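Undergrad: got a sequence here, can you model it:
(one chain, ligands or ions: 2)
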Amino acid sequence: MAPRKIIIDTDPGQDDAVALLLALASPEDVEVLGITAVAGNVPLALTQKNARIICELAGKLEVPVFAGAAAPLERTLVTAEHVHGKTGLDGPVLADPKMPLQRQHGVEFIVETLRAEPPGSVTLCPIGPLTNIALAFQKAPEIVGRVAEIVLMGGAYFEVGNITPAAEFNIYVDPEAADIVFKSGAPITVMPLDVTHKALTTAPHVAGFRAMGTEVGRMVAEWTDFFERFDKEKYGSEGAPLHDPCVIAYLIRPEIFSGRRINVEIETTSELTLGMTVADWWGVTDRPANAMFMGDLDADAYFALLTERLARL
Ligand code: BDR
Ligand code: CA
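TA: Ligands and ions are numbered 1, 2, ... in the order given. All right, here's what the predicted structure looks like:
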C-alpha cells in the first residue's frame, strides 16, 4: 500500500517531538507533506523553531515547516511550560535550526494542499490545539469533504482532564476551534487521555532509547527524563504519558488501538468545564456519532514500534 499522505499540526513539546520523529522515520507508512506549527505548549515563535530542530535531528531538511496561528480563535493563549519547560523542548541542549521556515502561512498550506491533492488522500494529524485546522475549515469550507481523516490527540472521557479537572490541554486551549472541527463532518479519530495515559514511559523504555547509541536515542531519552519529573509527581505513576506519538502509531499499526464510534461534543461556555470533551461513551443520547474515540492500546506493541522506528534515524 502507498504511504498515507499526512500533514502534522503541532506545538512541540517533547511528546510532539517523538511523534514527528516516528513519522519521519516511517516513510513506507506515512509521507509527511508538511508540518504546521501552532501556539500551544509554548508560543508560536518556539513551536515553529522546535519543529525545524526536530526535522534537522531526523536529517529530513526537505520537509517544509510552516508557522500557523499564534493565538487561539477567541481566547488568550494558555501555555504549558510547567510541563515542557521554557523552550518546550527542555532537557538536552539544542542548537538553533538552520533550515528555513516556509514563508507561506500554515493555514494557507493546509488549504492549498487539500485543494491540490486528490479528494480523500490527505490525513490531518493535529497534536496541539486545533486552531490551524479550524481556521482552514473556516477559510475554505469545501476542503472539509476532501480530508481523508483527522487523527488527533486531545480530550478525555474516563481520565477527564489534565489542565483543569474537566479538560485536556489541547482542547482546553482552543475550545472554539475544537468545536468547529468536531462539528465539521470530517472523519475523526481521537486519541484521548484514556489511551495516552496508558502509553507510559517506564525505566526500561527510556533505557532502550538511550541504548540506541544515536543522537536521536539520546535526545528522546533526555526529553523523557525531563517531562517524566512533572508527570511522575502529578500522577504518582511509574513513568510519564507519551501522548502525541499515539496519533502516528495509529496510522502505522491501527490494530494496537481499540475504541468506540460515538458522539463527542465540546463544552465552550461553562467556566467550570470549559474545553471538556463530552463523549457519549455509553450511548445514552441520540446524538449521531461523529468520532472514533479510542479507549485502549497495547502499550508493549506501541513502545516496540517506537523503539524499532526511532532506531532508524
Ligand atoms: C497534550 O498536551 C500537550 O502538553 C502535549 O504535547 C499533548 O499534545 C496532552 O494533553
Ligand atoms: Ca502536543
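Undergrad: could you use CA atoms for every contact and neighbour count after this?
TA: Will do.
Undergrad: any idea how far E176 is from F226?
TA: For F226, the distance to E176 (C-alpha to C-alpha, to the nearest Å) stands at 31 Å.
Undergrad: ugh, typo on my part, it should be A116
TA: A116 is 27 Å from E176, where distance means C-alpha to C-alpha.
Undergrad: compare these two and say which is more crowded by neighbours.
TA: Relative neighbour count places E176 above the other of A116 and E176, with 24 against 9, counting by other C-alpha atoms under 10 Å.
Undergrad: contacts only, for that one.
TA: When contacts are counted by C-alpha atoms under 8 Å, 6 or more residues apart in numbering, E176 is found next to L73, E74, T268.
Undergrad: sec struct for S270, please.
TA: Recorded secondary structure, S270: coil (DSSP: H, G, I helix; E, B strand; the rest coil).
Undergrad: which one of the contacts of E176 is nearest to I7?
TA: Here the nearest of the contacts of E176 to I7, counting by C-alpha to C-alpha, is L73; it sits at 20.5 Å.
Undergrad: do you know the pLDDT at that closest one?
TA: Here the pLDDT value assigned to L73 is 98.
Undergrad: what about it, how many residues nearby?
TA: Quick note: L73 (other C-alpha under 10 Å) scores 18 neighbours.
Undergrad: and the gap between it and ligand 1?
TA: As for L73, its distance to ligand 1 is 18 Å (criterion: C-alpha to the nearest ligand atom, to the nearest Å).
Undergrad: pretty sure that residue contacts I180?
TA: No: taking contacts as C-alpha atoms under 8 Å, L73 lies outside contact range of I180: 10.6 Å.
Undergrad: what helices or strands is the helix or strand containing I150 leaning on?
TA: Using DSSP states H and E, I150 sits in strand 147-153. Contacts defined by 3 or more C-alpha pairs under 8 Å, 6 or more residues apart in numbering; DSSP states H and E place strand 147-153 against strand 122-126, strand 188-191, helix 245-252.
Undergrad: what's the angle from the first one to strand 147-153?
TA: It stands for strand 122-126. Strand 122-126 and strand 147-153 are oriented at 20 degrees to each other (axes from the mean of the first three to the mean of the last three C-alpha atoms, to 10 degrees).
Undergrad: cool, and the last one?
TA: Relative orientation of helix 245-252 with respect to strand 147-153: 140 degrees, computed using the same axes, to 10 degrees.
Undergrad: helix 245-252 and ligand 1 in contact?
TA: No: on the criterion C-alpha under 6 Å from any ligand atom, helix 245-252 is out of touch with ligand 1, staying 9.1 Å away.
Undergrad: where does the stretch 101-250 of the chain dip in pLDDT?
TA: Nowhere does the stretch 101-250 of the chain drop to pLDDT under 70.
Undergrad: for it, what lies in contact range of ligand 2?
TA: I127, G128 (C-alpha under 5 Å from the ion).
Undergrad: near ligand 1, which residues of the stretch 101-250 of the chain?
TA: Counting by C-alpha under 6 Å from any ligand atom, the stretch 101-250 of the chain comes close to ligand 1 at I127, G128, M153, E168, F169, N170, H243, D244.
Undergrad: scan the residues you listed and report the most crowded one.
TA: With neighbours taken as other C-alpha under 10 Å, the top of these is I127, carrying 31 neighbours.
Undergrad: my guess is that one contacts G155. True?
TA: No: using C-alpha under 8 Å as the test, I127 is too far from G155 to be in contact (11.1 Å).
Undergrad: so what sits against both of the two?
TA: Both I127 and G155 are contacted by N170, under the criterion C-alpha under 8 Å, 6+ apart.
Undergrad: output the strand holding I150 as PDB - backbone C-alpha positions only.
TA: Taking Å, rounded to 0.1, in the frame of the first residue of the first chain, the C-alpha atoms of strand 147-153 are listed here in PDB:
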ATOM      1  CA  VAL A 147     -10.000  15.300   4.100                       C
ATOM      2  CA  ALA A 148      -9.300  11.500   4.300                       C
ATOM      3  CA  GLU A 149      -9.300  11.500   8.100                       C
ATOM      4  CA  ILE A 150      -8.400  13.700  11.100                       C
ATOM      5  CA  VAL A 151      -6.400  11.700  13.600                       C
ATOM      6  CA  LEU A 152      -5.900  13.900  16.700                       C
ATOM      7  CA  MET A 153      -4.600  13.800  20.200                       C
END
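Undergrad: for ligand 1, what is the nearest residue in the stretch 151-300 of the chain?
TA: Nearest residue of the stretch 151-300 of the chain to ligand 1: F169, at 4.5 Å (C-alpha to the nearest ligand atom).
Undergrad: go ahead and confirm that residue touches G154.
TA: Yes: assessed by C-alpha under 8 Å, F169 is found in contact with G154 at 7.3 Å.
Undergrad: restrict the helix or strand just after the strand holding I150 to CA atoms and write it as CSV.
TA: Moving toward the C-terminus from strand 147-153, the next helix or strand (DSSP H and E) is helix 169-173. The C-alpha trace of helix 169-173 is given here as CSV (Å, rounded to 0.1, in the frame of the first residue of the first chain):
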residue,chain,number,x,y,z
PHE,A,169,-4.9,20.7,27.4
ASN,A,170,-5.2,20.7,23.5
ILE,A,171,-8.9,21.1,23.6
TYR,A,172,-8.9,23.5,26.6
VAL,A,173,-6.5,25.9,24.9
